[in-house]
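J.: Return a 3D structure for these sequence lines:
(one chain, ligands or ions: 2)
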Amino acid sequence: MSLFSSVEPVRFEGPGTKNEFAYRVYDKDRRVLDKRMEDWLKPAVCYWHSFNWPGTDIFGGGTLPRPWLGTPVTQAMADTKLEAAFDFFVRLGVRYFTFHDVDAMATATTLREHEQNLKKIEAGMAAKMAATGVKLLWGTANLFSHPRYAGGAATSPDPEIYAWAAAQVRCCLEATHRLGGENYVLWGGREGYDSLLNTDLRRELDQYGRFLSMVVEHKHRIGFKGTILIEPKPFEPTKHQYDHDVAAVFAFLQRYGLAKEVKVNIEVNHATLAGLDFEHEIAVARAFGIFGSIDINRGDPRNGWDTDQFPNNAQELVPSLVQLVEDRGFNTGGFNFDAKLRRQSMDPSDLYLAHIGGIDTIARALLAAADVVTDGGLARLRQERYKGWSGELGKRITSGALSLAGLADLATEQGLDPAPRSGHQELAESMIARYCKY
Ligand code: XUL
Ligand code: CO
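T.: Numbers count the residues shown, from 1 in each chain. Ligands and ions are numbered 1, 2, ... in the order given. Below is the predicted model of the structure:
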């Protein structure tokens, strides 16, 4: 028995069901184009917010019953949490989970203890994974909660703190590798600054670049075949995070020679906080060849902070899902629910309802996106819009055969007088809306 045992295993019952503890749309074996729905979506539950976040906010304490939380977290508490987490994964019917080291393990004060405690919970995870078939989408080290990281980890002004972070990442990367994790995530929680007045930005970037290079070197040394992912976020907790958005991460990766080694984990609300659309972040990552995985939690349009809400609007997600379908799905990535319950959602059943609603939402978006791609109208609209580039002039320009002067002379001599053409944006938007019927 665990906190989450009172709900019967959640099954697909179709749109007509009256059962709130059933999937209306997410039918893992349903074939969507050439793949099972579960293989398209790879939904993952996150350890951190689902089992480790007590429902605190800056004005008040925890509201969610999580009997395994306390200071310090003993091994017995970590084991109870593990039991409850896997009970939840299995009843919810998801194949993947994600975790931060310190959120899963017993509290440690020294690095030796850290290594031992992580190994203990890793052994528990390995046994649970073998017994249930649940797999690890990614592991990550929490380099932001402990007070030692107040000034950053890899970008800390203190090399001893940097060394602590390196030790934590080595332990967690190795644990992720042994657990068969498909990715390893680095979210630069406090890799940024609160004020430039006391910050040597260039030095911090160099430190961070070296840190990431060490992680990549170690990945190869131990033979980890998963993908290393950076998770962009513009701010919070720091005023400015270096991994501001996908474009900033790509510039950083290029600068430190890591663009072929590291990809991105894109989170919906991090895009919103950066003043960008989620689909923009995906498009940029695809353009640069660094698209990896997704944290699907969203924000609230009227809140300027990271509310981490469960997804609840399928239509909004369709332009992103269209890109995923065009790419034939994830490589090593998946949809991680890095989402928090609302503070008043204190019933253990709320955690189920939140995930069920969220998973049905991405399933709806997937079905609509598959229809959009099958219809082909959007692709034709784009093809038509750029068709000049497949003609002679377009080919001569992109092949590099023409200089600026050569092109200018050609335009003048031929007396070019092109007329603007419609972009048919409203048509494109209604093509998305028309398939949102699931
Ligand atoms: C914080 C956040 C993290 C990362 C992993 O905003 O998204 O949970 O996903 O550290
Ligand atoms: Co996240």
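J.: got the end-to-end distance for stretch 91-98?
T.: 17 Å (CA to CA, to the nearest Å).
J.: anything in that stretch near ligand 2?
T.: No: with CB under 5 Å from the ion as the criterion, ligand 2 is not reached by stretch 91-98; the gap is at least 8.8 Å. Heads up, the C-betas are built off the backbone N, CA and C, glycines and all.
J.: quick one: that stretch to chain centroid distance?
T.: Relative to the centre of its chain, stretch 91-98 is centred 16 Å away, using CA atoms, centre = their mean, to the nearest Å.
J.: ok, the residue of the stretch 301-438 of the chain found nearest ligand 2 to D194 distance?
T.: When scored by CB to the ion, the stretch 301-438 of the chain has D338 as its residue closest to ligand 2, at 3.7 Å. Look at D338 and D194: by CB to CB, to the nearest Å, they are 24 Å apart.
J.: Tell me which of these two has more neighbours.
T.: Set D338 next to D194 and count neighbours by other CB atoms under 10 Å: D338 wins out with 26 against 15.
J.: which residues touch the closest residue to the more buried one other than its chain neighbours?
T.: Nearest residue to D338 in three dimensions, chain neighbours excluded: D295, at 3.9 Å (CB to CB, 6 or more residues apart in numbering). Contact analysis of D295 by CB atoms under 8 Å, 6 or more residues apart in numbering lists 231, 265-268, 270, 336-338.
J.: what do you get for S403?
T.: Not one residue lies near S403 by CB under 8 Å, 6+ apart.
J.: again with D103
T.: 47-48, 51-52, 142.
J.: let's see it at 10 Å
T.: D103 makes contacts with 46-53, 69, 73, 78, 81, 85, 121, 140, 142, 145, as judged by CB atoms under 10 Å, 6 or more residues apart in numbering.
J.: Could you grab the helix/strand/coil label for it?
T.: For D103, the secondary-structure state derived from DSSP: H, G, I helix; E, B strand; the rest coil is helix.
J.: Distance check, the closest residue to it other than its chain neighbours against F99.
T.: Distances taken as CB to CB, 6+ apart place N52 nearest to D103, at 4.1 Å, with adjacent residues excluded. N52 sits 9 Å away from F99, going by CB to CB.
J.: Between the two, which contacts overlap?
T.: Residues touching both N52 and F99 (CB under 10 Å, 6+ apart): 46, 85, 142.
J.: Share the number of residues neighbouring the first one, please.
T.: Other residues near C46 come to 27 when the count uses other CB under 10 Å.
J.: Contacting ligand 1 as well, which ones from the contacts of D103?
T.: Applying CB under 6 Å from any ligand atom to the contacts of D103, one finds that 48, 140 fall near ligand 1.
J.: Now that we have the contacts of D103, which of them are buried?
T.: Using 16 or more other CB atoms under 10 Å as the burial test, those include 46-53, 69, 73, 78, 81, 85, 121, 140, 142 as buried.
J.: and stretch 37-56, anywhere near ligand 2?
T.: No: Stretch 37-56 does not reach ligand 2 (CB under 5 Å from the ion); its nearest approach is 7.7 Å.
J.: From start to finish, how long is that stretch in a straight line?
T.: Start to finish, the residues bounding stretch 37-56 are 35 Å apart (CA to CA).
J.: That one - what's its average pLDDT?
T.: Averaged over stretch 37-56, pLDDT sits at 97.
J.: isn't P15 right up against A363?
T.: No: P15 is beyond contact range of A363, at 11.1 Å (criterion: CB atoms under 10 Å).
J.: Give the residues shared as contacts by these two.
T.: Contact with both P15 and A363 is made by residues 23-25, 438, according to CB under 10 Å, 6+ apart.
J.: Take the residues you listed and keep only those in strands.
T.: Among the shared contacts of P15 and A363, the residues falling in strands (DSSP state E) are Y23.
J.: Got a quick ChimeraX command for the buried subset of the shared contacts of P15 and A363?
T.: Here is the ChimeraX selection string for the buried members of the shared contacts of P15 and A363, based on 16+ other CB under 10 Å:
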select :23,24,25
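J.: Next, format the shared contacts of P15 and A363 as a markdown table and append pLDDT and distance to ligand 2.
T.: Below are these laid out as a markdown table (pLDDT from 0 to 100; distance: CB to the ion, whole Å):
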| residue | pLDDT | distance to ligand 2 |
| --- | --- | --- |
| Y23 | 98 | 24 |
| R24 | 98 | 26 |
| V25 | 98 | 24 |
| Y438 | 94 | 26 |
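J.: Adding distance to A248, write the shared contacts of P15 and A363 out as CSV.
T.: Conversion of the shared contacts of P15 and A363 to CSV gives the following (distance: CB to CB, whole Å):
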residue, distance to A248
Y23, 37
R24, 39
V25, 35
Y438, 35
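J.: Perfect, I'm done here.
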